[in-house]
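1. This is a predicted model, with the sequence first.
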Amino acid sequence: MKKRDNKILILDCGSQYTQLIARRVRELGVFSEILFWDSPEGKIEASSPSGIIISGGPRSVLEKNAPSIPMHILDSDIPVLGICYGMQLLAYQFGGTVKKGQAAEYGRAKISLSGNARLFGRLKDDKETSVWMSHWDQVTELPQGFKATALSENGSLAGFESPDGRISALQFHPEVAHTPRGSDILSAFIFDICGCTPDWNLGLDWIGKEVEKIREKVGSGRVICGLSGGVDSTVSAVITSKAVGENLHCIFVDHGLLRKNEADQVMETYRSLRLNVHKVDAEERFLSALAGVIDPEKKRKIIGELFIRVFEEEARRLGGSDWLLQGTIYPDVVESGHGGGNVIKSHHNVGGLPDDMKMQLLEPLRDLFKDEVREVGRALGIEPHFLERHPFPGPGLAVRCLGELKKERLDVLREADAIFIEEIKKIGLYSDIWQAFCALLPVRSVGVVGDVRTYGETAALRAVSSLDAMTAEWVHLPYELLDTVSRRICNEVPAINRVVLDITGKPPATIEWE
C-alpha cells in the first residue's frame, strides 16, 4: 500500500456544509484539504490523502451531469466516506439504485444501527442514535455485496459499507452539531479506518508559516487593510503586520453602520496593538449611496464596492498599494456559494468586490473558522475581551436595519441593541451566546403610551448558540431578561413600541436577517 499523507481530502459536491466537514476533521487534530468534485484527476491523486470524504450537495445523482467521482479513485486502496449526496453517489456508481423520495427527510431523526460497522465502532453498544437529516433522494437498493449499517425510523437506508469496510456511507450529516455522536463517527473513520494521527494545530508554528507565506507573496509590496472592528480583520492585520511591518497601512472606515460607541472603542484597541491605522469618516458617503435601497443583496454589493473605492482613494493618498488585505474566513466563502453550492447570500468580502479592482487580494484566514481565528488571536496575544466579542457582519447595521437605511433609524437600532447587550452582560450570559443583536424591522404597529396612541417601529431580539456559524439554535433567554429588555427599549427608545423575539434556528434561517 502506498505511503499517504496524514490528511483527509474532502471532495466538494456543492454542499453548504463542506467547509464544516473540514473544520470537524481539523478539530480532531488532522489536516483537511478541499477540492471540487470535478478537479483534475491528477490533482486529486497528487493530494495523496489517507482518506476521502465525499460531501453532500444540492443535486440529484439522477440528473444529467450531476457530480461524480472517477471510479479508479473509488476503486483504489484509499478509504472513502460518502455523506448524504455522497452516499447516494457511491451507491449509484457501484451499481445500486437511487430513487426520488416521496417526501424530504429533514431535521432531527433517530436511526437504528445494525451489524458491526467499523464506522460505528466508537458508539459501543448503542443500538440507535440521534442524527440530522437533510435529503430528498433515497438509496433503495444496495450495490452487490454491500451491507446496510443503519436504518431510519421509516425503514429507509441511513448507512452502508463495502464488504471490506473500506467504503462507508451515511445518509445523515455527522459534521453538524445536531448529530450528537457525529464526532465519534468521524473519529472512527479518520483514526480507525484511515489510520491518521492527530498532528494539526494552530499555534505559533502555524502563525510562523503563514507569516512566511505572506512575505513570499507580497515581497516589498504595500498592503492596505480595511479594518472593520471585528476579530477577523484584526487578526489578519496583526499577522500581516508581522510579515510586512510598516508596509501595512490599515484603514478603519466609520461608515455610519457601526454599533453604539464602537468606532472609539476599536480605535483604542488598534492603538494598543500598535497597528498603523487611519480612521476615515465616511458616514454621509455610505448613507447617500444606500439611500432608497431596500433589497439586501443590493445593500451588500453597494457597501462592498464603496469600501473598495474608499480603500483605493486612501491608498493613493498614502502613496499607492499593491494588495488589499481582508479578514475573509470559511463561512464567508461557503455562504457566497463557492464550490458549486446554492448561493444563500453574497458576502461583502467575497461577493461584493468590483471587477475592475486595481489591487490583488490577500486573505490569510480564508481557510479558518471563527473559533480557529480566535485561537490564532490568543496565540498572537490579542486581549481576550476583544477576541470574545460576538461576530459582527462587515456591512454592519445595514443588514440588521431592514428596509431603507436612514440615520435616524440606524440611531434607533443602535440604542436598542446597546440595551439588549448590556442586559445580557449584566446577568453573565454574554460569553455563553455565539451572537446576540437587535434587528429593526420595516414594520410599524399601533401602541399606546400614557393614553396616547403611538405608531412605532418594531425591534426583533436575536440570540443564537453555535460552534461555527454553519448551524445555530436560538437561545432560550430567561423571561426576566426578556421582560427587562423589552421594557427598557420601549421606555428609552421612543421610536420603538413593540419588541419581538426571533426563535428560528439555522437552518432554515440564516443568523443575520439579511
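-> Sure, I can see it. Numbers count the residues shown, from 1 in each chain.
2. Arg414: which element?
-> Arg414 belongs to helix 407-426 when assigned by DSSP states H and E.
3. from the middle of its chain, how far away would the next helix or strand after that helix be?
-> Sequence-wise, the next helix or strand downstream of helix 407-426 (DSSP H and E) is strand 435-449. Distance, stretch centre to chain centre, for strand 435-449: 27 Å (CA atoms, centre = their mean, to the nearest Å).
4. ditto for stretch 310-317
-> Its chain's average C-alpha position is 30 Å from that of stretch 310-317, according to CA atoms, centre = their mean.
5. Buried residues in it, which are they?
-> Buried residues in stretch 310-317, counted by 16 or more other CB atoms under 10 Å: Val310, Phe311, Glu312, Glu314, Ala315. All C-beta spots, glycine's among them, are computed from the backbone N, C-alpha and C.
6. Alpha carbons only: can I get it in PDB?
-> Only the C-alpha atoms of stretch 310-317 are listed here, as PDB (Å, rounded to 0.1, in the frame of the first residue of the first chain):
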ATOM      1  CA  VAL A 310     -12.600  54.300  -0.300                       C
ATOM      2  CA  PHE A 311      -9.600  52.000   0.100                       C
ATOM      3  CA  GLU A 312      -8.300  52.800  -3.300                       C
ATOM      4  CA  GLU A 313      -8.600  56.500  -2.600                       C
ATOM      5  CA  GLU A 314      -6.900  56.200   0.700                       C
ATOM      6  CA  ALA A 315      -4.200  54.000  -0.800                       C
ATOM      7  CA  ARG A 316      -3.400  56.600  -3.400                       C
ATOM      8  CA  ARG A 317      -3.300  59.300  -0.700                       C
END
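7. contact partners of it?
-> With CB atoms under 8 Å, 6 or more residues apart in numbering as the contact definition, stretch 310-317 has outside contacts at 222, 224, 226, 249, 251, 253, 278, 280, 282, 285, 321, 324, 357-359.
8. could you give the mean pLDDT of that stretch?
-> When pLDDT is averaged along stretch 310-317, the result is 82.
9. of all the contacts of stretch 310-317, which comes closest to Ile511?
-> Gly226 (22.1 Å; CB to CB).
10. Kindly indicate whether the closest one is helix, strand or coil.
-> strand (DSSP: H, G, I helix; E, B strand; the rest coil).
11. show me what contacts it?
-> By CB under 8 Å, 6+ apart, the contact set of Gly226 is Ser233, Cys250, Ile251, Phe252, Val253, Phe307, Phe311, Leu324, Leu325, Gln326.
12. roughly how far apart are it and Phe307?
-> Counting by CB to CB, to the nearest Å, the gap from Gly226 to Phe307 is 6 Å.
13. Common neighbours of these two, please.
-> Listed contacts common to Gly226 and Phe307 are Val253; contacts here mean CB under 8 Å, 6+ apart.
14. hey, where'd the helices end up in the stretch 1-150 of the chain?
-> Applying DSSP state H, counting those that start in this stretch to the stretch 1-150 of the chain gives helices spanning 18-27, 41-47, 71-74, 85-93.
15. Can you say which of those is nearest to Arg215?
-> Taking these one by one with CB to CB, helix 18-27 is closest: 24.3 Å.
16. Now do that closest one against helix 85-93: the angle between them, please.
-> 100 degrees (axes from the mean of the first three to the mean of the last three CA atoms, to 10 degrees).
17. Off-centre distance for helix 18-27?
-> On CA atoms, centre = their mean, the centre of helix 18-27 falls 11 Å from the chain's centre.
18. Show the average pLDDT along that helix.
-> Helix 18-27 carries an average pLDDT of 90.
19. which strands and helices sit next to that helix?
-> Under the contact criterion of 3 or more CB pairs under 8 Å, 6 or more residues apart in numbering; DSSP states H and E, helix 18-27 touches strand 7-12, strand 31-36, helix 182-187, helix 330-335.
20. least reliable of these going by mean pLDDT?
-> helix 330-335 (a mean of 66).
21. Helices of the stretch 201-350 of the chain, start to end?
-> Under DSSP H, counting those that start in this stretch, the stretch 201-350 of the chain gives helices at 204-218, 231-244, 262-272, 283-290, 296-317, 330-335.
22. residue farthest from the centroid of the chain?
-> Asp451 (47.1 Å; CA atoms, centre = their mean).
23. quick check: angle from the helix holding Arg414 to helix 283-290?
-> 110 degrees.
24. Touching helix 407-426 from outside, list them.
-> With CB under 8 Å, 6+ apart as the criterion, helix 407-426 contacts 256-257, 259-260, 283, 287, 397, 400-401, 403, 430, 433, 436-440, 457, 459, 461, 463, 477, 481, 484-485, 488-489, 492-493, 495-496.
25. now those: which count as buried?
-> By neighbour count, with 16+ other CB under 10 Å, the contacts of helix 407-426 hold 256-257, 259-260, 283, 287, 397, 400-401, 430, 433, 436-440, 457, 459, 461, 463, 477, 481, 484-485, 488-489, 493, 495-496 as buried.
26. Nice, that's everything, thank you.
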